[in-house]
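Student: I would like to see how this sequence folds:
(chains A and B)
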There are 2 protein chains.
Amino acid sequence: MKLVESVPNFSEGRRENVVRAIVAEAEKYDGIWVLDWSMDADHNRSVVTLIGTPDKIVDALFDMVKKASELIDLRHHEGEHPRMGATDVIPFVPVMNTTMEECIELSKKLGKRIGEELKIPVYLYERSATKPERENLANIRKGEFEGFFEKIKDPNWKPDFGPDEVHPTAGVVAVGAREYLIAYNVNLATNDLSVAKKIAKAVRHISGGFRYVKAIGLELKEKGIVQVSMNLTNYKKSPIFRVFETIKREAARYGVNVLESEIIGMVPLQAVLDSFMWYLQVNDFDINRVIEQKVLNIFAKDLEGK
Amino acid sequence: MKLVESVPNFSEGRRENVVRAIVAEAEKYDGIWVLDWSMDADHNRSVVTLIGTPDKIVDALFDMVKKASELIDLRHHEGEHPRMGATDVIPFVPVMNTTMEECIELSKKLGKRIGEELKIPVYLYERSATKPERENLANIRKGEFEGFFEKIKDPNWKPDFGPDEVHPTAGVVAVGAREYLIAYNVNLATNDLSVAKKIAKAVRHISGGFRYVKAIGLELKEKGIVQVSMNLTNYKKSPIFRVFETIKREAARYGVNVLESEIIGMVPLQAVLDSFMWYLQVNDFDINRVIEQKVLNIFAKDLEGK
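Tutor: Coordinates of the predicted model:
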């Protein structure tokens, strides 16, 4: 069974009935499973995590975007998190037996439908981007909903799909394919923030570190320690174990020990397995030799047959 | 969904139609999934790996034992591997949402049926054993099929279930619950067998090492290296990472490096996760935060609903 993950973000974090109505649009489909959803009142934003088969996921996400455009009016939206659309961003992530290329295709198919049928301008981002300056979501979102009425007139910011005008209440939306993102923190046995900042600088891409690592140094005041807080945007190419070992070595340079690691949220089995294999020096081990993965394959086949 | 694994061994490794007929007895059940089966002509023995729900697995295994007793005649059986029954041994292993206690219960339920309905003497072994000397399978099997006609007369070897007489063609069978067994080898960058032997001695239970480790030193002649070849009989209590790190340190004592690790066959996700967490110093991570495990839980629920 092919499975794709998507983590659509909606600009509603206060009215639970609205979020539930959007989630219900996905849940009505056979072949779509909602793994998790959460809302944040301060950000006034909600995040839904779902997986689905490629033949269903575009329809399900389209229905969610349609429902969000009916129930959310960005003219009356306030919240801490920057946003540009009722549905703000829709990433497609390859998780089981699917490739990045398939996810790029799905993002374009969904973008086309949103643009044509809902008249909401669509920007393809990350791996689906049609221009380098559209790869970074923050770049697209700059100016937010309010600023987009001017921004969209710039020929550089002509949408990839849909009208050349911002939807009056639903704004614009970013759709794209990306790798699984792992939120990963390393806590240090010191309260010296400068050490965490120096290590963050050493490992993050922007200042010469690993290509798929974003990092900052933070103070955890209540714990009396500091943290290197990271996003690993491609765990296959900048793997957890290498980042961890580098941090450990850098910390030792300052006479500091690593206290612990934290994985935030969920993690793909392959990322766990890659570290297992590296540390134990296992050269030859396929994911299908993990019992749970094997059982999952069998169950997926059973479900397809029913 | 509760799932139990079983790995029954049958004394037939040459006639494929016989093994297929036994496997078919399991496959006919909804709620039983055959993960793998293999036969070995030299050992004249086959091993089937299946998982199933507790309410089905006893019936399925009983039908397999019945079929084996109809098709295999131990009076004409030759092979390298020691054996005492047409069905030689049936372990129950807790894999998903099941406890050791439930597996012990299942083993007794199956043993009782085999004894009463098929008139085959049953010995409970490992965690199901009723006497300490029956915990070790090799102890029970001593004397093999041919020797059991005498052995069974000894009051110490009165079967746990079934008649006090060996079944004339199907022999006797061992049934029991045990932890998942991981076959794990570490290859050393030397051709000095004495180093592998010294390390095996250091880590194995019998000579003072880890309680749930069996180990021997071997030569891998075609590779020109030596190996510490192990069975980890309880990966929760004598975990892979601790065994590996101890071997690495012991090898260093002799100026030898570890070349690689090998995991033979399948491994439970929890064993992989335990090493991942130990090496990366992750203190707080639940198996259900691995995406594939979460999807497996959802699929299991879907299958139960259908």
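
Student: any residue of the lowest-mean-pLDDT helix or strand in chain A up close to chain B?
Tutor: Least confident helix or strand of chain A, by mean pLDDT, DSSP states H and E, is helix A:291-305 with a mean of 89. Yes - using C-beta under 8 Å from any C-beta of the partner chain, helix A:291-305 comes into contact with chain B via A:Ile291, A:Glu292, A:Gln293, A:Lys294, A:Val295, A:Leu296, A:Ile298, A:Phe299, A:Ala300, A:Asp302, A:Leu303. Backbone N, C-alpha and C define where each C-beta goes, glycine included.

Student: Could you tell me which of those residues count as buried?
Tutor: Among the residues of helix A:291-305 next to chain B, those classed as buried by neighbour count (16 or more other C-beta atoms under 10 Å in any protein chain shown) are A:Ile291, A:Glu292, A:Gln293, A:Lys294, A:Val295, A:Leu296, A:Ile298, A:Phe299, A:Ala300, A:Asp302, A:Leu303.

Student: right, and the third one touches A:Asp286 too?
Tutor: Right, A:Gln293. No - using C-beta atoms under 8 Å, A:Gln293 makes no contact with A:Asp286, being 9.0 Å away.

Student: Give me the below-cutoff pLDDT ranges for the stretch 201-306 of chain A.
Tutor: A:306 (pLDDT under 70).

Student: Quick one: name the residues of it near chain B.
Tutor: With C-beta under 8 Å from any C-beta as the criterion, the stretch 201-306 of chain A comes near chain B at residues A:240-241, A:244, A:258-263, A:265-269, A:272-273, A:275-276, A:279-285, A:289-296, A:298-300, A:302-303, A:306.

Student: Report the buried members of the residues you listed.
Tutor: A:240-241, A:244, A:258-263, A:266-269, A:272-273, A:275-276, A:279-282, A:285, A:289-296, A:298-300, A:302-303.

Student: need the contact list for the residue lying closest to A:Asp302 once chain neighbours are set aside.
Tutor: Of all residues not flanking A:Asp302 in the chain, B:Leu303 sits nearest, at 6.0 Å (C-beta to C-beta, 6 or more residues apart in numbering or on different chains). Residues in contact with B:Leu303, defined by C-beta atoms under 8 Å, 6 or more residues apart in numbering or on different chains, are A:Phe299, A:Asp302, A:Leu303, B:Met1.

Student: Could you measure from the first one over to B:Leu3?
Tutor: The gap separating A:Phe299 from B:Leu3 is 10 Å, by C-beta to C-beta, to the nearest Å.

Student: With A:Glu304 instead?
Tutor: Relative to B:Leu3, and taking C-beta to C-beta, A:Glu304 is found at 20 Å.

Student: how about the residues of the stretch 1-150 of chain A that lie near chain B?
Tutor: For the stretch 1-150 of chain A, the residues in contact with chain B (C-beta under 8 Å from any C-beta) are A:Leu3, A:Glu5, A:Trp33, A:Leu35, A:Ile51, A:Val95, A:Met96.

Student: Out of these, flag the one nearest to chain B.
Tutor: Chain B has its nearest neighbour among these in A:Trp33, at 5.0 Å by C-beta to the nearest C-beta.

Student: is that closest one in a bridge, and if so with what?
Tutor: Beta bridges link A:Trp33 to A:Ile51, judged by DSSP bridges.

Student: State the number of residues packed around it.
Tutor: Neighbours of A:Trp33 under the rule other C-beta atoms under 10 Å in any protein chain shown: 21.

Student: list the contacts for it?
Tutor: For A:Trp33, the contact set (C-beta under 8 Å, 6+ apart) comprises A:Leu50, A:Ile51, A:Gly52, B:Val295, B:Ile298.

Student: Including distance to A:Ser229, could the contacts of B:Leu303 go into CSV?
Tutor: Formatted as CSV, the contacts of B:Leu303 follow (distance: C-beta to C-beta, whole Å):
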residue, distance to A:Ser229
A:Phe299, 36
A:Asp302, 41
A:Leu303, 38
B:Met1, 37
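
Student: Just the closest of those to A:Ile140, please.
Tutor: Proximity of the contacts of B:Leu303 to A:Ile140 (C-beta to C-beta) peaks at A:Leu303, which lies at 36.7 Å.

Student: Tell me where chain A has helices.
Tutor: Here chain A has its helices, by DSSP state H, at A:16-27, A:54-71, A:100-118, A:137-141, A:144-151, A:193-203, A:240-253, A:269-279, A:291-305.

Student: Next, the buried residues of the first one.
Tutor: Right, the one you point to is helix A:16-27. Of all the residues in helix A:16-27, those buried under the rule 16+ other C-beta under 10 Å are A:Val18, A:Val19, A:Ala21, A:Ile22, A:Val23, A:Glu25, A:Ala26.

Student: and it with helix A:54-71, angle?
Tutor: With axes from the mean of the first three to the mean of the last three C-alpha atoms, to 10 degrees applied, the angle from helix A:16-27 to helix A:54-71 works out at 160 degrees.

Student: So for helix A:16-27, mean pLDDT?
Tutor: For helix A:16-27, mean pLDDT is 98.

Student: contacting residues around that helix?
Tutor: If you take C-beta under 8 Å, 6+ apart as the criterion, helix A:16-27 is touched by A:10, A:12-13, A:32, A:34, A:37, A:39, A:46, A:48, A:50, A:52, A:60-61, A:63-64, A:66-68, A:71-72.

Student: if you set the cut-off to 10 Å instead, what comes out?
Tutor: A:6, A:8, A:10, A:12-13, A:15, A:32-34, A:37-39, A:45-48, A:50, A:52, A:56-57, A:59-68, A:70-72, A:86-87 (C-beta atoms under 10 Å, 6 or more residues apart in numbering or on different chains).

Student: What subset of those residues is buried?
Tutor: A:6, A:8, A:10, A:12-13, A:32-34, A:37, A:39, A:45-48, A:50, A:52, A:57, A:59-68, A:71-72, A:86-87.

Student: Name the residues contacting each of A:Phe299 and B:Leu3.
Tutor: Residues touching both A:Phe299 and B:Leu3 by C-beta under 10 Å, 6+ apart: B:Trp33, B:Leu296, B:Ala300.

Student: Count the residues that sit near the closest residue in space to A:Lys56 that isn't next to it in sequence.
Tutor: Distance criterion C-beta to C-beta, 6+ apart; nearest residue to A:Lys56, sequence neighbours excluded, is A:Gly31 at 3.9 Å. Using other C-beta under 10 Å, the number of residues around A:Gly31 comes to 17.

Student: Also A:Asp30?
Tutor: Neighbours of A:Asp30 (other C-beta under 10 Å): 11.
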